[in-house]
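**Student:** model this:
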Amino acid sequence: MNRITNLFETKKDGILSVYFTAGYPELNDTVTILKELEAKGINMVEVGIPFSDPMADGPVIQEAATQALRNGMSLHRLFDQLKDIRKEVQIPVILMGYLNPIMQFGFEAFCKKCAEVGVDGMIIPDLPFADYMADYKAIADRYDLKMVMLITPETSEERVRLIDEHTSGFIYMVSSAATTGAQQSFDEQKQAYFHRINNMGLRNPRLVGFGISNKATFEAATANSSGAIIGSKFIQLLKSEATAAGAIDKLLEGLKE
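**Tutor:** A predicted model of the protein is given here:
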(Lines give C-alpha, C1' and ligand atoms only; values in the text may rest on other atoms or scores of the structure.)
Protein backbone atom coordinates (compact mmCIF):
# COMPACT_ATOMS: atom_id res chain seq x y z
CA MET A 1 0.00 0.00 0.00
CA ASN A 2 1.17 3.54 -0.77
CA ARG A 3 2.57 5.09 2.43
CA ILE A 4 0.39 8.21 2.08
CA THR A 5 -2.74 6.06 1.89
CA ASN A 6 -1.59 4.03 4.87
CA LEU A 7 -0.93 7.17 6.94
CA PHE A 8 -4.43 8.57 6.44
CA GLU A 9 -6.04 5.18 7.08
CA THR A 10 -4.21 4.75 10.39
CA LYS A 11 -4.21 8.38 11.64
CA LYS A 12 -7.40 10.35 11.12
CA ASP A 13 -6.47 13.71 12.61
CA GLY A 14 -3.63 15.80 13.98
CA ILE A 15 -1.30 14.87 11.13
CA LEU A 16 1.78 17.09 10.86
CA SER A 17 3.57 17.31 7.52
CA VAL A 18 6.73 19.40 7.23
CA TYR A 19 8.18 20.97 4.10
CA PHE A 20 11.83 21.81 3.52
CA THR A 21 13.89 22.68 0.46
CA ALA A 22 16.32 20.02 -0.76
CA GLY A 23 19.93 21.20 -0.53
CA TYR A 24 19.24 23.84 2.13
CA PRO A 25 20.89 25.07 4.27
CA GLU A 26 23.73 22.93 2.89
CA LEU A 27 23.81 20.75 -0.20
CA ASN A 28 24.03 17.43 1.63
CA ASP A 29 21.54 18.19 4.43
CA THR A 30 18.56 16.50 2.72
CA VAL A 31 18.90 13.00 4.18
CA THR A 32 19.92 14.26 7.62
CA ILE A 33 16.82 16.44 7.83
CA LEU A 34 14.57 13.60 6.67
CA LYS A 35 15.94 11.25 9.31
CA GLU A 36 15.61 13.85 12.06
CA LEU A 37 12.01 14.66 11.08
CA GLU A 38 11.03 11.01 11.36
CA ALA A 39 12.93 10.60 14.63
CA LYS A 40 11.04 13.57 16.13
CA GLY A 41 7.64 12.08 15.22
CA ILE A 42 6.73 14.10 12.11
CA ASN A 43 4.11 12.14 10.14
CA MET A 44 4.97 13.08 6.57
CA VAL A 45 7.57 15.16 4.71
CA GLU A 46 7.43 17.30 1.59
CA VAL A 47 10.84 17.80 -0.01
CA GLY A 48 10.97 20.90 -2.17
CA ILE A 49 12.72 20.80 -5.54
CA PRO A 50 14.47 24.20 -5.74
CA PHE A 51 13.51 26.31 -8.74
CA SER A 52 14.54 29.78 -9.83
CA ASP A 53 10.97 31.09 -10.18
CA PRO A 54 8.85 29.57 -7.36
CA MET A 55 5.75 31.66 -8.01
CA ALA A 56 3.57 30.19 -5.22
CA ASP A 57 6.23 30.74 -2.57
CA GLY A 58 6.92 33.71 -0.35
CA PRO A 59 10.34 35.24 0.38
CA VAL A 60 11.47 32.64 2.93
CA ILE A 61 11.13 29.65 0.60
CA GLN A 62 12.32 31.71 -2.39
CA GLU A 63 15.52 32.48 -0.51
CA ALA A 64 15.97 28.83 0.45
CA ALA A 65 15.49 27.73 -3.16
CA THR A 66 18.01 30.30 -4.38
CA GLN A 67 20.58 29.16 -1.83
CA ALA A 68 19.98 25.50 -2.64
CA LEU A 69 20.58 26.17 -6.33
CA ARG A 70 23.77 28.06 -5.47
CA ASN A 71 24.79 25.04 -3.39
CA GLY A 72 24.53 22.93 -6.53
CA MET A 73 21.22 21.16 -5.89
CA SER A 74 19.46 19.67 -8.91
CA LEU A 75 16.78 17.07 -9.46
CA HIS A 76 19.40 14.51 -10.53
CA ARG A 77 21.39 15.18 -7.37
CA LEU A 78 18.27 14.94 -5.22
CA PHE A 79 17.47 11.48 -6.56
CA ASP A 80 21.08 10.46 -5.86
CA GLN A 81 20.67 11.65 -2.27
CA LEU A 82 17.41 9.74 -1.87
CA LYS A 83 18.53 6.46 -3.45
CA ASP A 84 18.93 4.64 -0.12
CA ILE A 85 16.44 6.64 1.95
CA ARG A 86 14.06 3.72 2.47
CA LYS A 87 16.75 1.87 4.39
CA GLU A 88 16.43 4.53 7.09
CA VAL A 89 13.16 6.48 6.72
CA GLN A 90 9.67 4.94 6.63
CA ILE A 91 7.31 7.93 6.76
CA PRO A 92 5.68 9.14 3.52
CA VAL A 93 7.85 11.39 1.37
CA ILE A 94 6.41 13.75 -1.25
CA LEU A 95 8.37 15.77 -3.78
CA MET A 96 7.03 19.28 -4.27
CA GLY A 97 8.19 21.27 -7.24
CA TYR A 98 7.31 23.25 -10.32
CA LEU A 99 6.63 21.76 -13.71
CA ASN A 100 9.63 23.21 -15.56
CA PRO A 101 12.45 21.17 -13.94
CA ILE A 102 10.27 18.06 -13.90
CA MET A 103 9.58 18.42 -17.63
CA GLN A 104 13.29 18.97 -18.27
CA PHE A 105 13.93 15.69 -16.46
CA GLY A 106 11.06 14.00 -18.33
CA PHE A 107 7.79 13.32 -16.54
CA GLU A 108 7.82 9.54 -16.90
CA ALA A 109 11.52 9.39 -16.03
CA PHE A 110 10.71 11.50 -12.96
CA CYS A 111 7.92 9.13 -11.91
CA LYS A 112 10.13 6.11 -12.48
CA LYS A 113 12.90 7.56 -10.29
CA CYS A 114 10.35 8.47 -7.59
CA ALA A 115 9.17 4.87 -7.53
CA GLU A 116 12.74 3.53 -7.48
CA VAL A 117 13.84 5.58 -4.47
CA GLY A 118 10.56 5.25 -2.56
CA VAL A 119 8.91 8.63 -3.04
CA ASP A 120 5.15 8.32 -2.48
CA GLY A 121 3.66 11.31 -4.25
CA MET A 122 4.14 14.71 -5.80
CA ILE A 123 2.80 18.23 -5.59
CA ILE A 124 3.20 20.37 -8.72
CA PRO A 125 1.51 23.73 -7.99
CA ASP A 126 1.63 25.02 -11.57
CA LEU A 127 0.30 21.86 -13.24
CA PRO A 128 -3.18 22.66 -14.60
CA PHE A 129 -5.79 20.12 -13.58
CA ALA A 130 -6.97 19.61 -17.19
CA ASP A 131 -3.39 18.85 -18.29
CA TYR A 132 -2.97 16.46 -15.37
CA MET A 133 -6.08 14.56 -16.42
CA ALA A 134 -5.14 14.47 -20.12
CA ASP A 135 -1.40 13.83 -20.03
CA TYR A 136 -0.07 12.94 -16.58
CA LYS A 137 -2.57 11.02 -14.48
CA ALA A 138 -2.14 7.68 -16.23
CA ILE A 139 1.65 7.86 -15.86
CA ALA A 140 1.53 8.79 -12.17
CA ASP A 141 -1.00 6.02 -11.52
CA ARG A 142 1.24 3.50 -13.28
CA TYR A 143 3.95 4.15 -10.70
CA ASP A 144 1.49 4.34 -7.74
CA LEU A 145 2.36 7.98 -7.12
CA LYS A 146 -0.23 10.24 -5.53
CA MET A 147 -0.70 13.53 -7.37
CA VAL A 148 -1.74 16.00 -4.68
CA MET A 149 -3.77 18.95 -5.97
CA LEU A 150 -4.16 22.34 -4.32
CA ILE A 151 -7.40 24.17 -3.64
CA THR A 152 -7.85 27.73 -2.33
CA PRO A 153 -10.78 29.76 -0.93
CA GLU A 154 -11.47 30.83 -4.52
CA THR A 155 -11.71 27.28 -5.92
CA SER A 156 -15.26 26.54 -7.05
CA GLU A 157 -17.24 23.70 -5.52
CA GLU A 158 -17.41 22.04 -8.94
CA ARG A 159 -13.61 22.06 -9.27
CA VAL A 160 -13.11 20.84 -5.70
CA ARG A 161 -15.38 17.89 -6.41
CA LEU A 162 -13.57 17.14 -9.70
CA ILE A 163 -10.23 17.10 -7.88
CA ASP A 164 -11.70 14.91 -5.15
CA GLU A 165 -13.06 12.46 -7.72
CA HIS A 166 -9.90 12.12 -9.80
CA THR A 167 -7.08 12.21 -7.23
CA SER A 168 -6.21 10.20 -4.15
CA GLY A 169 -3.92 10.55 -1.17
CA PHE A 170 -5.09 13.91 0.15
CA ILE A 171 -6.14 17.39 -0.96
CA TYR A 172 -3.84 20.30 -0.14
CA MET A 173 -6.00 23.16 1.20
CA VAL A 174 -4.15 26.43 0.69
CA SER A 175 -5.27 28.66 3.56
CA SER A 176 -5.49 31.81 1.45
CA ALA A 177 -5.00 33.04 -2.10
CA ALA A 178 -1.47 34.23 -1.39
CA THR A 179 2.10 32.97 -1.38
CA THR A 180 3.59 30.84 1.38
CA GLY A 181 4.62 32.45 4.65
CA ALA A 182 4.08 32.15 8.39
CA GLN A 183 1.02 33.84 9.94
CA GLN A 184 0.14 34.45 13.59
CA SER A 185 -3.57 33.62 13.28
CA PHE A 186 -6.35 32.80 10.82
CA ASP A 187 -9.27 35.22 10.58
CA GLU A 188 -12.94 34.22 10.55
CA GLN A 189 -13.04 34.24 6.74
CA LYS A 190 -10.28 31.63 6.48
CA GLN A 191 -11.84 29.50 9.20
CA ALA A 192 -15.21 29.67 7.42
CA TYR A 193 -13.46 28.33 4.31
CA PHE A 194 -11.98 25.41 6.29
CA HIS A 195 -15.43 24.68 7.70
CA ARG A 196 -17.14 24.92 4.29
CA ILE A 197 -14.78 22.42 2.67
CA ASN A 198 -15.08 20.09 5.66
CA ASN A 199 -18.86 20.08 5.25
CA MET A 200 -18.66 19.02 1.60
CA GLY A 201 -18.23 15.37 2.59
CA LEU A 202 -15.26 14.81 0.29
CA ARG A 203 -13.82 11.37 -0.32
CA ASN A 204 -10.23 12.49 0.23
CA PRO A 205 -8.76 13.71 3.52
CA ARG A 206 -7.34 17.24 3.57
CA LEU A 207 -4.30 19.00 4.98
CA VAL A 208 -4.11 22.77 5.40
CA GLY A 209 -0.96 24.61 4.36
CA PHE A 210 0.39 28.16 3.91
CA GLY A 211 0.64 30.19 7.10
CA ILE A 212 0.84 27.47 9.78
CA SER A 213 3.41 28.60 12.33
CA ASN A 214 2.11 28.31 15.91
CA LYS A 215 -0.47 26.69 18.17
CA ALA A 216 -3.29 29.03 17.08
CA THR A 217 -2.87 28.44 13.35
CA PHE A 218 -2.23 24.70 13.79
CA GLU A 219 -5.37 24.22 15.88
CA ALA A 220 -7.49 26.31 13.50
CA ALA A 221 -6.26 24.24 10.56
CA THR A 222 -6.72 20.85 12.21
CA ALA A 223 -10.19 21.61 13.57
CA ASN A 224 -11.67 21.04 10.10
CA SER A 225 -9.09 18.81 8.41
CA SER A 226 -6.85 15.82 9.01
CA GLY A 227 -3.84 17.99 9.76
CA ALA A 228 -1.51 20.75 8.67
CA ILE A 229 1.61 21.42 6.61
CA ILE A 230 4.38 23.68 7.89
CA GLY A 231 6.99 25.07 5.51
CA SER A 232 8.20 28.65 5.88
CA LYS A 233 8.41 28.49 9.68
CA PHE A 234 10.60 25.39 9.51
CA ILE A 235 12.83 26.92 6.84
CA GLN A 236 13.34 29.95 9.12
CA LEU A 237 14.28 27.66 11.99
CA LEU A 238 16.72 25.70 9.82
CA LYS A 239 18.46 29.00 9.20
CA SER A 240 18.49 30.19 12.81
CA GLU A 241 19.13 26.98 14.74
CA ALA A 242 22.47 25.18 14.87
CA THR A 243 21.11 21.75 13.89
CA ALA A 244 18.14 20.20 12.11
CA ALA A 245 17.19 18.46 15.36
CA GLY A 246 17.20 21.82 17.14
CA ALA A 247 15.02 23.37 14.44
CA ILE A 248 12.48 20.55 14.75
CA ASP A 249 12.43 20.82 18.55
CA LYS A 250 11.81 24.57 18.28
CA LEU A 251 9.04 23.99 15.74
CA LEU A 252 7.25 21.46 17.94
CA GLU A 253 7.60 23.70 21.00
CA GLY A 254 5.96 26.52 19.03
CA LEU A 255 2.93 24.36 18.24
CA LYS A 256 2.29 23.92 21.97
CA GLU A 257 2.48 27.60 22.91
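**Student:** show me what contacts Ala130?
**Tutor:** With C-beta atoms under 8 Å, 6 or more residues apart in numbering as the criterion, no residue contacts Ala130. Where C-beta positions appear, they are placed from N, C-alpha and C, glycine not excepted.
**Student:** what of Ser225?
**Tutor:** Met173, Phe194, Ile197, Asn198, Pro205, Arg206, Leu207, Val208.
**Student:** any idea how far it is from Ala242?
**Tutor:** Per C-beta to C-beta, to the nearest Å, Ser225 is found 33 Å from Ala242.
**Student:** just Gly72 next, same as before
**Tutor:** From Gly72 over to Ala242 (counting by C-beta to C-beta), the distance is 23 Å.
**Student:** which one's more surrounded, those two?
**Tutor:** Gly72 (10 against 7; other C-beta atoms under 10 Å).
**Student:** would you confirm that that one contacts Tyr24?
**Tutor:** No - if you go by C-beta atoms under 8 Å, Gly72 and Tyr24 don't touch, sitting 11.5 Å apart.
**Student:** for the contacts of Ser225, which one is nearest Leu16?
**Tutor:** Leu16 lies nearest to Leu207 out of those, by C-beta to C-beta, at 9.2 Å.
**Student:** now do the same for Ala221: its pLDDT.
**Tutor:** In this model, Ala221 is scored at 87, pLDDT.
**Student:** burial count for the nearest residue in space to it that is not next to it in sequence?
**Tutor:** Using C-beta to C-beta, 6 or more residues apart in numbering and skipping residues adjacent in sequence, the residue nearest Ala221 is Val208, 3.7 Å away. By other C-beta under 10 Å, 28 other residues sit near Val208.
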